[in-house]
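S.K.: Any chance you could fold what I've pasted below:
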Amino acid sequence: MDSVWTEIEQLRQAPIAQVRARYRELFQEEPRSKHREHLVRRLAWRLQAVSQGGLSEAALRRAISLAPDEPMEWGTLGWVLWQQDKGAEARADLERAVALDPELPELHNNLANVEWGTGDQAGAEQHFREALRIEPGVGEWRLNLARVLATRGEIPEARFQFEQAIRLKPDAAEARLDYGRLLVDRRELLAAIRQFEAAVRLQPDLWRAHFELAMALGQSGNAAAAREQLSIAANGSDPQVRAQALDVLQKLPR
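M.R.: Model (predicted):
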């Protein structure tokens with residue numbers, strides 16, 4: 001842990017070019033901000049999360065006892081608790097982390113995920129928005145917000161957020177899949193088919209996308225192409241999708 005804090009202090013004194021290079025190394029993307037303190041905060045979060053990734057809940061609590069006002073400690077503990085299915089405790093610790101440092105976007109994103117997972121869609125929307133206010137260029141967070149908005153029936157903005165997520169991360173097959181589902185619900189079959197086709201092209205083993213593509217093709221009247229996609233899904237490794245595809249295939253006329 002001492003080595004992490006040593007590096008963080010060194011980064012605070014380093015030339016901005018060195019800070020940006022370390023950011024690229026850890027996040028595998030170009031930093032969008034040129035503000036040193038913002039970049040160092042994000043680097044500190046990532047370094048701490050990596051260093052504590054294998055720590056137990058007890059070890060994290062001991063670290064917190066030594067630094068009770070350190071938001072990254074509380075945030076990491078909250079995420080560990082969430083992975084242990086301790087939703088209420090995870091939320092409480094992440095809320096405390098956000099209160100200690102409301103300008104760390106990862107804390108808002110993680111809190112939003114916990115809120116969404118425990119059924120608080122309004123809270124999830126609020127904190128996904130906060131994460132994007134601080135760091136607007138993260139496609140994964142835009143996708144998260146789009147999913148919440150779609151679930152809440154806020155369709156026009158959900159569409160906008162899906163399109164922004166795809167623009168930011170055009171190789172994200174899951175974003176294409178979920179956007180396609182929204183378009184199917186809106187009965188925009190041709191647009192949905194384009195998204196599903198992009199999803200299976202980007203990730204051929206995304207069996208759910210093959211199944212959804214088959215269903216959209218069937219609804220559009222292209223029975224032969226639908227059967228082909230159902231056959232692919234029926235031979236995939238996802239047991240739920242495989243069962244659904246086989247069931248539909250058995251009901252199709254010979």
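
S.K.: Poorly predicted segments of the chain, please.
M.R.: 1-2, 32-34, 45, 48-56, 59-60, 63, 66 (pLDDT under 70).

S.K.: So which residue is dead centre in it?
M.R.: residue 140 (4.3 Å; Cα atoms, centre = their mean).

S.K.: Following element in sequence after the helix or strand harbouring that one, please.
M.R.: Element membership for residue 140 (DSSP states H and E) is helix 139-151. Once helix 139-151 ends, the next helix or strand along the chain (criterion: DSSP H and E) is helix 155-168.

S.K.: got the contact list for that next one?
M.R.: 137-140, 142-143, 145-147, 149-150, 172, 175-176, 178-179, 182, 186 (Cβ atoms under 8 Å, 6 or more residues apart in numbering). No exception for glycine: its C-beta is placed from N, CA and C like everyone else's.

S.K.: Helices of the stretch 1-150 of the chain, residue ranges please.
M.R.: Along the stretch 1-150 of the chain, the segments classed as helices by DSSP state H, counting those that start in this stretch run 2-13, 16-27, 36-52, 57-66, 71-83, 87-100, 105-117, 121-134, 139-151.

S.K.: In TSV: those, plus distance to residue 196.
M.R.: Output for the helices of the stretch 1-150 of the chain, formatted as TSV (distance: least, Cβ to Cβ, whole Å):
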stretch	distance to residue 196
helix 2-13	43
helix 16-27	30
helix 36-52	34
helix 57-66	41
helix 71-83	31
helix 87-100	33
helix 105-117	24
helix 121-134	25
helix 139-151	16
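
S.K.: Could you tell me how far the helix holding residue 140 lies from the centre of the chain?
M.R.: 8 Å (Cα atoms, centre = their mean, to the nearest Å).

S.K.: how about it: buried residues?
M.R.: 139, 141-150 (16 or more other Cβ atoms under 10 Å).

S.K.: Next: stretch 197-209.
M.R.: 197-200, 202-203, 206-209.

S.K.: gap between the two ends of it?
M.R.: 8 Å (Cα to Cα, to the nearest Å).

S.K.: picking that back up, not counting its neighbours along the chain, what's nearest the residue nearest to the centre of the chain?
M.R.: residue 169 (7.0 Å; Cβ to Cβ, 6 or more residues apart in numbering).
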